[in-house]
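In: coordinates only, no sequence provided:
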């Protein structure tokens, strides 16, 4: 049954990838990659149960945090053009 | 008896989780702009992930009830994964919507209703 869950998650991951490839704006792509990451967390968890090694959940935990930080970093990059320098320069200019 | 009930409950919630995942992802594919797609993505993050992790947690409870104590830690980890998702998903969605607005993406409106 976890085999079904794994395959289902893989199918939805590939659907999310289609949106990441099609996405007209960069935000569509970031959104698709973000949901792809969430699904990866679930895939790791399901794979852990499938192979009867639930210790995989530690990897899922780390991946959830990395995915979030990655999304925020990419968004900030597209909003300001860099990862924080703009704000610092503005503050120093004032 | 207890084990069978837990089994059925866990498969039911995993099936429900898969259903919400598929619906949310089809929404991401078919809805017209970023903001509506964010709504669909939020559904995969809360309902889909929630039901899938609930199903896995019921499996872990079943493991504990069969005498495998190590599944208790699995249960704790599952709760942590869901807690992290619960915090990070709305923040990421909010940041995406704000970035989209700041980046000049016009929200989609139904043309038949006139001005948007």
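Out: Yes, it's here. Nothing here was measured: the structure is a model prediction, and the numbers come from that model.
In: list the contacts of residue A:34.
Out: By CB atoms under 8 Å, 6 or more residues apart in numbering or on different chains, residue A:34 lies in contact with A:67, A:71, B:41, B:92, B:96. Every residue, glycine included, has its C-beta placed from N, CA and C.
In: do the same with residue A:39
Out: Residues in contact with residue A:39 (CB under 8 Å, 6+ apart) are A:9, A:12, A:13, A:16, B:21, B:44.
In: quick one: the spatially most central residue of chain A from chain B, how far?
Out: Central residue of chain A (CA atoms, centre = their mean): residue A:37, 2.9 Å from the mean position. If you measure residue A:37 against chain B using CB to the nearest CB, to the nearest Å, the figure is 9 Å.
In: go ahead and confirm that residue touches residue A:65.
Out: No: Residue A:37 is beyond contact range of residue A:65, at 10.4 Å (criterion: CB atoms under 8 Å).
In: could you pull up phi and psi at residue A:23?
Out: phi -30, psi 120 (degrees, to the nearest 10).
In: grab the nearest non-local neighbour of the residue nearest the centre of chain B.
Out: Among the residues of chain B, the one closest to the centroid is residue B:45, at 2.7 Å (CA atoms, centre = their mean). Using CB to CB, 6 or more residues apart in numbering or on different chains and skipping residues adjacent in sequence, the residue nearest residue B:45 is residue B:89, 3.9 Å away.
In: against which helices or strands is the longest helix anywhere in chain B packed?
Out: Assignment by DSSP state H gives helix B:71-102 as the longest helix of chain B. Here helix B:71-102 touches helix A:26-50, helix A:57-80, helix B:34-43, helix B:49-65, going by 3 or more CB pairs under 8 Å, 6 or more residues apart in numbering or on different chains; DSSP states H and E.
In: what's the most buried one of these?
Out: Of the helices and strands packed on helix B:71-102, the one with the most neighbours on average (mean count of other CB atoms under 10 Å in any protein chain shown) is helix A:26-50, at a mean of 23.
In: what's the angle between that helix and helix B:49-65?
Out: Orientation note: helix A:26-50 sits at an angle of 10 degrees relative to helix B:49-65 (axes from the mean of the first three to the mean of the last three CA atoms, to 10 degrees).
In: so where's chain A uncertain?
Out: A:81-94 (pLDDT under 70).
In: now swap in chain B and tell me
Out: Applying pLDDT under 70 to chain B flags the ranges B:112-116.
In: the same query, at a cut-off of 50, please.
Out: B:115-116 (pLDDT under 50).
In: re earlier: can the helices and strands packed on helix B:71-102 go into JSON lines with extra columns for distance to residue B:77?
Out: Conversion of the helices and strands packed on helix B:71-102 to JSON lines gives the following (distance: least, CB to CB, whole Å):
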{"stretch": "helix A:26-50", "distance to residue B:77": "9"}
{"stretch": "helix A:57-80", "distance to residue B:77": "4"}
{"stretch": "helix B:34-43", "distance to residue B:77": "24"}
{"stretch": "helix B:49-65", "distance to residue B:77": "9"}
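In: of those helices, which is nearest residue B:1?
Out: Closest to residue B:1 of those is helix B:49-65 (CB to CB; 10.9 Å).
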